[in-house]
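Engineer: sharing a model prediction with you, sequence too.
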Amino acid sequence: MAQDLLSRLLATQDWLLADGATGTNLFNMGLSSGEPPEFWNIDQPDNIRSLYRNAVQAGSDLFLTNSFGGNAARLKLHSAQGRVGELNRVAASLGREIADAAGRPVVVAGSIGPTGEIFEPMGTMTHALAVEIFQEQAEALKAGGADVLWIETMSAFEEYAAAAEAATRAGLPWCGTMSFDTARRTMMGLTSAGMAALVEKMDHPPLAFGANCGVGAADLMRTVLGFEMTNTSRPIIAKGNAGIPKYHDGHIHYDGTPELMADYAVLARDAGVKIIGGCCGTMPDHLKAMRHALETRPKGPKPSVEDIQAKLGAFSSANDGTGDTSGQPTRERRNKRG
């Protein structure tokens with residue numbers, strides 16, 4: 001069986017640049033609050049082409065499809081649970097079109113986000129139902145031409161594992177990230193070290209794993225150090241937000257500059273991260289600055305928590321959720337993730 005494109009790139013490149021925000025970029029194109037971005041795959045395909053093309057032109061080696069909320073549980077909120085196949089297939093096929101025209105290898109990663117449901121026994125979602133929901137989405141992304149599946153922003157490992165099983169059933173390799181934003185734990189209490197340990201016990205582990213979203217770039221980098229402390233040999237992913245969200249004139253703005261995100265990208269690379277990208281608030285200008293910094297700044301030593309704070313600002317909590325209280329913040333951060 002031929003090796004997939006992402007595996008080939010991971011084996012031959014020191015680092016890969018992923019993409020940035022989906023929602024922030026689409027809101028700037030006119031997406032209304034509360035409108036499912038996935039509907040634009042059909043209704044505004046040129047905007048989705050632009051989203052993908054802008055990432056590629058900014059230097060991304062990999063971009064995520066506009067399908068984060070494209071599972072039946074999320075689409076049901078808009079009475080669109082019957083459109084899973086159509087919306088995800090087109091999300092990937094538009095991506096395939098842009099990647100194939102790039103003139104260099106670019107990975108189309110089929111985005112799979114959470115269902116929004118809580119698993120048993122605290123909630124009603126079962127493993128079997130979650131696998132069924134995710135497999136429907138995974139099969140459609142595969143049909144549209146996705147190279148890999150990209151499970152992201154998960155809070156519960158049960159849901160992460162269900163999506164991974166669906167990816168395996170669909171016959172595609174996968175990567176997976178979780179979001180650490182509550183005292184450096186996921187919303188369901190998992191630490192970075194805990195995630196790394198569970199990933200290695202999976203029957204079909206990911207090509208790469210890591211963290212996305214959360215609070216800001218500084219906090220995400222501390223989570224990355226938690227992964228590194230486990231001495232994992234599996235490639236690590238970092239997709240941090242472009243600073244902290246602030247509400248201004250009726251819109252959410254992120255305060256991270258391209259210069260800050262360039263510093264973050266270099267710190268991530270020096271910490272051993274293999275796939276480096278942005279999440280909320282990360283625009284093409286951020287990606288260009290990140291690419292330039294990664295290509296021009298020499299590799300340095302593994303950063304400490306003090307190095308991270310000096311470059312990216314204070315952490316939002318006193319410890320990383322693993323019991324490590326180093327890097328205590330010098331100021332209280334008043335803005336939490338919105």
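Structural biologist: It's in. Numbers count the residues shown, from 1 in each chain.

Engineer: which ones are touching the residue nearest the centre of the chain?
Structural biologist: Centroid check for the chain by C-alpha atoms, centre = their mean gives residue 212 as the closest residue, at 4.4 Å. Contacts for residue 212 were tallied using C-beta atoms under 8 Å, 6 or more residues apart in numbering; they are 152-153, 177-179, 220, 237-240, 279. Using the backbone N, CA and C atoms, a C-beta is placed for each residue, glycine as well.

Engineer: out of the residues you listed, which are inside strands?
Structural biologist: Applying DSSP state E to those, the entries found in strands are 152-153, 177-178, 237-240.

Engineer: would you turn the residues you listed into JSON lines with distance to residue 195, neighbour count and pLDDT?
Structural biologist: JSON lines is the format used below for those (distance: C-beta to C-beta, whole Å; neighbours: other C-beta atoms under 10 Å; pLDDT from 0 to 100):
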{"residue": "152", "distance to residue 195": "13", "neighbour count": "26", "pLDDT": "98"}
{"residue": "153", "distance to residue 195": "13", "neighbour count": "20", "pLDDT": "97"}
{"residue": "177", "distance to residue 195": "9", "neighbour count": "27", "pLDDT": "98"}
{"residue": "178", "distance to residue 195": "6", "neighbour count": "31", "pLDDT": "97"}
{"residue": "237", "distance to residue 195": "12", "neighbour count": "28", "pLDDT": "98"}
{"residue": "238", "distance to residue 195": "13", "neighbour count": "29", "pLDDT": "98"}
{"residue": "239", "distance to residue 195": "15", "neighbour count": "30", "pLDDT": "98"}
{"residue": "240", "distance to residue 195": "16", "neighbour count": "32", "pLDDT": "95"}
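
Engineer: which among the residues you listed gets closest to residue 229?
Structural biologist: Proximity of the ones in strands among the contacts of residue 212 to residue 229 (C-beta to C-beta) peaks at residue 238, which lies at 14.8 Å.

Engineer: the closest one is in contact with residue 209, isn't it?
Structural biologist: No. With contacts counted by C-beta atoms under 8 Å, residue 238 stays clear of residue 209, the gap being 10.8 Å.

Engineer: which of the ones in strands among the contacts of residue 212 sits closest to residue 69?
Structural biologist: Closest to residue 69 out of the ones in strands among the contacts of residue 212 is residue 153 (10.2 Å), distances taken as C-beta to C-beta.

Engineer: mind checking how far the residue nearest to residue 254 when sequence neighbours are not counted is from residue 85?
Structural biologist: Excluding the flanking residues, the one nearest residue 254 by C-beta to C-beta, 6 or more residues apart in numbering is residue 281, at 2.7 Å. Going from residue 281 to residue 85 by C-beta to C-beta, to the nearest Å gives 31 Å.

Engineer: out of these two, which sits in the busier spot?
Structural biologist: Neighbour count, other C-beta atoms under 10 Å: between residue 281 and residue 85, residue 281 has more, with 25 against 16.

Engineer: let's verify that one: helix, strand, or coil?
Structural biologist: Assigned by DSSP: H, G, I helix; E, B strand; the rest coil, the conformation of residue 281 is coil.

Engineer: so it is in contact with residue 21, correct?
Structural biologist: Yes. Under the criterion of C-beta under 8 Å, residue 281 makes contact with residue 21 at 5.8 Å.

Engineer: any common contacting residues for these two?
Structural biologist: Contact criterion C-beta under 8 Å, 6+ apart; residues shared by residue 281 and residue 21: residue 242.

Engineer: gap between residue 167 and residue 267?
Structural biologist: In terms of C-beta to C-beta, residue 167 sits 30 Å off from residue 267.

Engineer: no, scratch that, I was asking about residue 256
Structural biologist: 13 Å.

Engineer: tell me how many other residues surround residue 124.
Structural biologist: Around residue 124 there are 10 other residues, counting by other C-beta under 10 Å.

Engineer: now it: how far from residue 94?
Structural biologist: Residue 124 is 34 Å from residue 94, by C-beta to C-beta.

Engineer: poorly predicted segments of the stretch 51-200 of the chain, please.
Structural biologist: 182-183 (pLDDT under 70).

Engineer: same thing but 80
Structural biologist: Along the stretch 51-200 of the chain, segments meeting pLDDT under 80 span 182-184.

Engineer: can you give me the strands for it?
Structural biologist: 62-64, 107-112, 148-154, 174-178 (DSSP state E, counting those that start in this stretch).

Engineer: save these as a markdown table, and put in distance to residue 47 too.
Structural biologist: Below are the strands of the stretch 51-200 of the chain laid out as a markdown table (distance: least, C-beta to C-beta, whole Å):
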| stretch | distance to residue 47 |
| --- | --- |
| strand 62-64 | 14 |
| strand 107-112 | 16 |
| strand 148-154 | 20 |
| strand 174-178 | 25 |
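
Engineer: among the ones you listed, which comes closest to residue 286?
Structural biologist: Residue 286 sits nearest to strand 62-64 of all the strands of the stretch 51-200 of the chain, at 13.9 Å, using C-beta to C-beta.
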